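Asks: just the structure for this:
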Amino acid sequence: MWQTKRHRGTGRSLCFSLCILLWFIEGRLCWGSDKLSGDDSLSGSDTIISEKGTFEMGFFSKKTGTYDNLYLGIWYKDFEEKTIVWIANRKTPLPNMPSSRLEISGNGIVLFDEVDIAWSSGMSSIYPDSVEAVLLDSGNLVVRDVSKPSVIFWQSFDHPTDTWLPEAKLGFHKVNNKRQRLTSWKNADDPSSGMFSVGVSLDETGEYSLKWNMSDKYWGSGPFVGKRFGSVPELSYRTNFSLVSNENETYYTYTIVDPLVLTMFRITPSGKFQQLESFKSPSKWTETFVQPKNKSDIFASCGAYGIFSENSSKTCSCLKGFSPISAEATHRNDWFGGCKRQNRLQCENSTSGKGKIDGYLNISTIKLPANSKVYHAQNDKQCKSACTQNCTCTAYAFNASGCFIWEGDLYDVRQLSNDDYTKQDLYLKVSNSDLPDTPGKRKTLEVVVAVLVPLVVLFSGGFIGCFYTRKIKQKGLFSIKSDVFSFGVLVLEIVSGKKNTGFYRKDSLNLLGHTWELWTSNRGVKLLDPALGSPKPSLLRYINLGLLCVQENPNDRPTMSTVISMLTNEVAPLPAPKQPAFAFSRSLMNTASPSNSTGGSYSVNGLTVSMVEPR
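Replies: Numbers count the residues shown, from 1 in each chain. The predicted structure follows:
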């Protein structure tokens, strides 16, 4: 019979009797027990609670994608937010069904999904009636001998997840070569193993090291000297660390200086090693230690296909051709989930061989991603060919050191400054639809715009301004003409494929008016010449630039030097344009004629008449 505390009073006795009755009927646990015996089972909302009520064990669910998964875990009891410190089946989640249960069998404690074993403590040849599973006030779940409680067959402290509790061990067994280390959750909603871990170094320093993907170290505590770690001596002010090393094992354990304080260390999904403390009133946690402190020190802090830029207000962004996996998470500045492709690669499609072939985007001035593979190639062409022929290859780089290719997701891409001598170029494989339009009009557009800038500068106030002045005079409209205005008209003609003076629509007097109407109604893409290919942000940028140059008030128009800067810098955002000159609709022109004027001098758009003559 499983044990429980005696309680005084008839009410308690009656409740206890009911629990005994339910136990006989269903073989299930009731409230208040800290152990699981041979005939007991744990399922549904059942829990077991440590003797002093510090910890609780039971089932909890997490929704991962479209699946509602069930886990067996241990957490601090009576906190506002459930603080999970250990999970049995993080690798094998159960479907959220009432048939899932935990029992003691010949294999130790076993987690069943209906009739199948989903997880086991891995013991063998034991008699279920001779052992019990007990949740201790340290948060340790132990399977021990009923008659000799000091004999422990298995304990959860030997199998930590992401949390290190007082009295628990972090180290390694020298006999079976097994390591006790913390491994982060994949993300806040997925308890499966993430990319970050904390463990003890196997060298003579015995320091704690944080690693990405179990291999790449990105932070260390420094060597353990006396009772403190070299790089973080402040840890010893609140925590007593102990190092134990013998022929069988080497490990660290710790106790808290103030016994009234609850504490734990954990590795977060974003790669931070933190210590949390609580006085349990209020039942909240306070971060008292964290490393690394700077986001720039965390490996792959922007996730897969994310790029880190320390000199930008937005430190993380997605590589070109990719978008955030979780917009909600990135809004919270949590980029660890990373980015995903906007369009599938042609080589990944089931109908391989059909459609336009994949291409490459040049990502310049960066620190190359981690985990590259060396490929023997004599030149850039051979290196590119090696990546193209391998669908799992996501990027390549060729430099003086040789050819490097990356397979799978890209991590730890960092934007560098132009004067950083370590900067490199990366060629990122993307779908053809994510490539800039290169043929025909797209190339013509870039060439023409590049030619127009020196022409306008050379003939400032000259031929171009005179040409457009005469054309507009023929329409009966007069306004201030400048080289910037003329340049803006030329840009809009190029991107639309239409002439300003030969343009005709019912609702617009000219191309400027039509452009303005489309722009203000968020339909700017409708202006673009179809021959330019699929709409691109750079093409919409040219429309924005053209409208800035033809604004009604000459003082609002950019100078030619500013125009050149806008053309050559495609990263800086452009200001919103104001209404252009001569942008009347035909309906407005019909109602606002000089004959209807009430008197006084009249000038279209309220501007003075000015003639621009060639120099």
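
Asks: just the element for the closest residue to Arg181 other than its chain neighbours, please.
Replies: Spatial nearest neighbour of Arg181, excluding adjacent residues (Cβ to Cβ, 6 or more residues apart in numbering): Gly199 at 3.5 Å. (Glycine included, C-beta is placed from N, CA and C.) Taking DSSP states H and E as the definition, Gly199 sits inside strand 190-200.

Asks: which SS class is Ser323?
Replies: Assigned with DSSP: H, G, I helix; E, B strand; the rest coil, Ser323 falls in the strand class.

Asks: burial of the residue lying closest to it once chain neighbours are set aside, as a residue count?
Replies: Spatial nearest neighbour of Ser323, chain neighbours left out: Gln342 (5.4 Å); criterion: Cβ to Cβ, 6+ apart. Under the neighbour criterion other Cβ atoms under 10 Å, Gln342 is assigned a count of 14.

Asks: ok, which stretches of the stretch 401-550 of the chain are helices?
Replies: 440-458, 463-474, 483-496, 511-520, 537-549 (DSSP state H, counting those that start in this stretch).

Asks: rank those helices by pLDDT, which is bottom?
Replies: For these, mean pLDDT drops lowest on helix 463-474, to a mean of 47.

Asks: hang on, the earlier thing: measure the residue nearest to Arg181 to Gly206 for me?
Replies: Separation of Gly199 from Gly206 (Cβ to Cβ, to the nearest Å): 11 Å.

Asks: quick one: strands adjacent to the host helix or strand of Thr253?
Replies: Element membership of Thr253, judged by DSSP H and E, is strand 249-256. As defined by DSSP bridges, the strand partners of strand 249-256 come to strand 170-173 (antiparallel), strand 239-245 (antiparallel).

Asks: list the buried residues for the last one?
Replies: Residues of strand 239-245 classed as buried by neighbour count (16 or more other Cβ atoms under 10 Å): Thr239, Phe241.

Asks: could you give the angle of that strand to strand 190-200?
Replies: Strand 239-245 runs at 70 degrees relative to strand 190-200, counting by axes from the mean of the first three to the mean of the last three Cα atoms, to 10 degrees.

Asks: can I get strand 239-245 as CSV, trimmed to CA atoms?
Replies: Extracted in CSV, the C-alpha atoms of strand 239-245 (Å, rounded to 0.1, in the frame of the first residue of the first chain):
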residue,chain,number,x,y,z
THR,A,239,26.1,30.1,-4.7
ASN,A,240,28.5,27.5,-3.2
PHE,A,241,30.1,25.4,-5.9
SER,A,242,31.8,22.1,-5.3
LEU,A,243,34.0,20.1,-7.7
VAL,A,244,34.1,16.3,-7.2
SER,A,245,36.6,14.2,-9.2
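
Asks: ok, and what's touching that strand?
Replies: 171, 206, 224, 227-229, 235, 250-257, 263, 275 (Cβ atoms under 8 Å, 6 or more residues apart in numbering).

Asks: re earlier: any idea which helix or strand comes after the strand holding Gly199?
Replies: strand 208-212.

Asks: show me what counts as buried in that next one.
Replies: Neighbour-count burial for strand 208-212 [16+ other Cβ under 10 Å]: Tyr208, Ser209, Leu210, Lys211, Trp212.

Asks: of those, closest to Gly497?
Replies: Gly497 lies nearest to Trp212 out of the buried residues of strand 208-212, by Cβ to Cβ, at 50.6 Å.

Asks: what's the neighbour count on the residue lying closest to the closest one once chain neighbours are set aside?
Replies: The shortest distance from Trp212 to any non-neighbouring residue, by Cβ to Cβ, 6+ apart, is to Phe299 (4.0 Å). Around Phe299 there are 19 other residues, counting by other Cβ under 10 Å.

Asks: how close does Phe299 sit to Met195?
Replies: 8 Å.
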